[in-house]
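[1] sequence isn't available, so here's the structure alone:
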């Protein structure tokens, strides 16, 4: 209950800061007579959003779906790879250098390739979101799975439980906080991936809205899409934070 | 001769690797069932290694080591272990932590609920079954860890410096509690410590180890009536035991023998 109030307080404080920024922005633009094409007024941006809510909603949902799909696939794939890496020396020796090498290629540069391979539908966007997000999950999951204290590993040996029991009752819960931290990073990276995918080729989504509006110097529309993206990122992050608290109630107590 | 819980016959443990540190050298020990054995020595004397060999967590290089008449190959059946840091699982409440060995053994958890109640009561934790480890003090956590080690009725309880991380007052209190719990459960206990006074206070027998390489220096029978109050530590009999042990450490020429 206390943390609930605490969170509401945090959201409230954040909202106040946001309103202050928007007001200052509005006033400065009006006083300095900034041209709309350079930086539109917040009120103009909100008016734009209000003028075509259905159209914006449709593009937002498309981006949301590719982001979430890419993210969920990244979680499944990332956790599986991490488990393979920590449970087998062979995997670690041969797979880990490959993964690190692959991670140093800028994934954004691969986007055009995915269009060639997967066409212009949702698939290449999901693939890019997955690819950008998955490394954060792998790295943090590996870290988490390796963080089981030695005493606890010895305890598991002495109790002689099955490998299955030890993994699900000890190792995985031990790794969970670290995994969730990785997921938070991965979630925002998946959104980046989805937008990059839409930049490269798309007729739908907020990335497409931004690209097409930029082509006609419709800066108001670009900002409208950016506002939605900001809100979407916050929402997804908040959802993960909420799930984190639900999944790990034992961590609540030490916060207060 | 009574039945042996642990029988070590010239066991030696040398760690692998180029330098091949000799952790245990030619240790002989016969520990009858139901005995409380303190294993005492300065750090690096192999006392923990000895315990870990008995637990099947380390393999011996030479000699023969038996627990309940079976040669140790991996962790034996019927042992409970308590670690220096309690090794409680933060995401399970105390009750579910104590039940972990039951789950791992594939037994029916519900059949042990009463047993857990009894253990919680024995350890003075009756009100904390639903609490998470984080909410408990260090001493309470370690008592919960002892409950966990006892839940599946181990014949042999192995304790690796269990009170090493506690402050002196909590430690005294835990010594009294452990004696009381042991007098009710009557398991065989191997209790590793570097505190001379703790070893003498708790043990029927004190095995004194010397460092580099780890050797068993002497096995001393402590002939003090139980239950022993904390004040037993002020008696001349108690003093004679600690003095003797201290002189052993002095003879070793090591300044590592702790005065605690």
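    Ah, there it is. Remember, predicted model here, so these are calculated numbers, not experimental data. Numbering: from 1, shown residues only, chains lettered A, B, ... in the order given.
[2] pLDDT score for residue A:104?
    At residue A:104, the model reports a pLDDT of 88.
[3] what are the ranges of the helices in chain B?
    All helices of chain B, identified by DSSP state H, fall at B:47-54, B:94-98, B:100-104, B:113-122, B:138-150, B:168-185, B:196-202, B:236-252.
[4] can you lay out the ones you listed as a markdown table showing mean pLDDT, distance to residue A:75 and mean neighbour count?
    Yep, even glycine has a C-beta here, placed from its N, CA and C like the rest. Putting these into a markdown table (pLDDT from 0 to 100; distance: least, Cβ to Cβ, whole Å; neighbours: other Cβ atoms under 10 Å in any protein chain shown) gives the following:
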| stretch | mean pLDDT | distance to residue A:75 | mean neighbour count |
| --- | --- | --- | --- |
| helix B:47-54 | 93 | 38 | 24 |
| helix B:94-98 | 95 | 27 | 23 |
| helix B:100-104 | 94 | 27 | 21 |
| helix B:113-122 | 91 | 36 | 16 |
| helix B:138-150 | 92 | 33 | 24 |
| helix B:168-185 | 89 | 43 | 17 |
| helix B:196-202 | 95 | 49 | 24 |
| helix B:236-252 | 91 | 56 | 15 |
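[5] the ones you listed: which one's closest to chain A?
    Counting by Cβ to the nearest Cβ, chain A lies closest to helix B:100-104 out of those; the figure is 3.2 Å.
[6] coming back round to it: a markdown table for the helices of chain B, including distance to residue A:65?
    Below are the helices of chain B laid out as a markdown table (distance: least, Cβ to Cβ, whole Å):
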| stretch | distance to residue A:65 |
| --- | --- |
| helix B:47-54 | 54 |
| helix B:94-98 | 39 |
| helix B:100-104 | 40 |
| helix B:113-122 | 47 |
| helix B:138-150 | 46 |
| helix B:168-185 | 56 |
| helix B:196-202 | 63 |
| helix B:236-252 | 71 |
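[7] dump those to JSON lines, plus distance to chain A.
    Written out in JSON lines, the entries for those read as follows (distance: least, Cβ to the nearest Cβ, whole Å):
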{"stretch": "helix B:47-54", "distance to chain A": "8"}
{"stretch": "helix B:94-98", "distance to chain A": "10"}
{"stretch": "helix B:100-104", "distance to chain A": "3"}
{"stretch": "helix B:113-122", "distance to chain A": "16"}
{"stretch": "helix B:138-150", "distance to chain A": "9"}
{"stretch": "helix B:168-185", "distance to chain A": "18"}
{"stretch": "helix B:196-202", "distance to chain A": "20"}
{"stretch": "helix B:236-252", "distance to chain A": "28"}
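[8] wait, residue A:214 sits on residue A:222?
    Yes: contact status for residue A:214 versus residue A:222: in contact at 5.8 Å, counting by Cβ atoms under 8 Å.
[9] stretch A:159-171 - what's its average pLDDT?
    Computed over stretch A:159-171, the average pLDDT equals 91.
[10] buried ones in that stretch?
    When neighbours are counted by 16 or more other Cβ atoms under 10 Å in any protein chain shown, the buried residues of stretch A:159-171 are found to be A:159, A:160, A:161, A:165, A:166, A:167, A:169, A:170, A:171.
[11] farthest-separated two in those residues?
    With Cβ to Cβ as the measure, no two of the buried residues of stretch A:159-171 lie farther apart than A:160 and A:171, at 15.7 Å.
[12] and residue B:227, how close does it get to residue B:218?
    26 Å (Cβ to Cβ, to the nearest Å).
[13] try residue B:35
    Counting by Cβ to Cβ, the separation of residue B:35 from residue B:218 is 16 Å.
[14] those two: who's more crowded?
    In this comparison of residue B:35 against residue B:218, neighbours counted by other Cβ atoms under 10 Å in any protein chain shown, the higher total goes to residue B:35 at 20 against 13.
[15] report pLDDT for that one.
    Residue B:35 is assigned a predicted lDDT (pLDDT) of 94.
[16] and for residue A:95?
    Per-residue confidence (pLDDT) for residue A:95: 88.
[17] so what's it closest to, chain neighbours aside?
    Counting by Cβ to Cβ, 6 or more residues apart in numbering or on different chains, residue A:95 lies nearest to residue A:85, which is 6.2 Å off, once chain neighbours are set aside.
[18] please list the residues of the stretch 151-256 of chain A that sit near chain B.
    Proximity of the stretch 151-256 of chain A to chain B, by Cβ under 8 Å from any Cβ of the partner chain, involves residues A:151-152, A:154-162, A:165-166, A:169-170, A:173-174, A:176, A:248, A:250-251, A:253-254.
[19] from the residues you listed, which land in helices?
    Among those, the subset assigned to helices under DSSP H consists of A:151-152, A:154-159, A:165-166, A:173-174, A:176.
[20] ok but the residue nearest to residue A:95 is inside a strand, no?
    No: judged by DSSP: H, G, I helix; E, B strand; the rest coil, residue A:85 forms no part of a strand; its state is helix.
[21] any idea how far it lies from residue A:38?
    49 Å.
[22] more neighbours: these two, which one.
    When residue A:85 and residue A:38 are compared for neighbours, residue A:85 comes out ahead with 20 against 8, by other Cβ under 10 Å.
[23] what about residue A:136, how many residues nearby?
    When neighbours are defined as other Cβ under 10 Å, residue A:136 has 22 of them.
[24] my bad, residue A:244
    Under the neighbour criterion other Cβ under 10 Å, residue A:244 is assigned a count of 17.
[25] ditto for residue A:114
    Residue A:114 has 21 neighbours, counted by other Cβ under 10 Å.
[26] element containing it, please.
    Counting by DSSP states H and E, the element that carries residue A:114 is helix A:111-118.
[27] what is the end-to-end distance of stretch B:200-210?
    The first and final residues of stretch B:200-210 sit 17 Å from each other (Cα to Cα, to the nearest Å).
[28] cool, stretch B:191-202 as well?
    End-to-end distance for stretch B:191-202, by Cα to Cα: 9 Å.
[29] what of stretch A:197-210?
    Length of stretch A:197-210, first residue to last, Cα to Cα: 12 Å.
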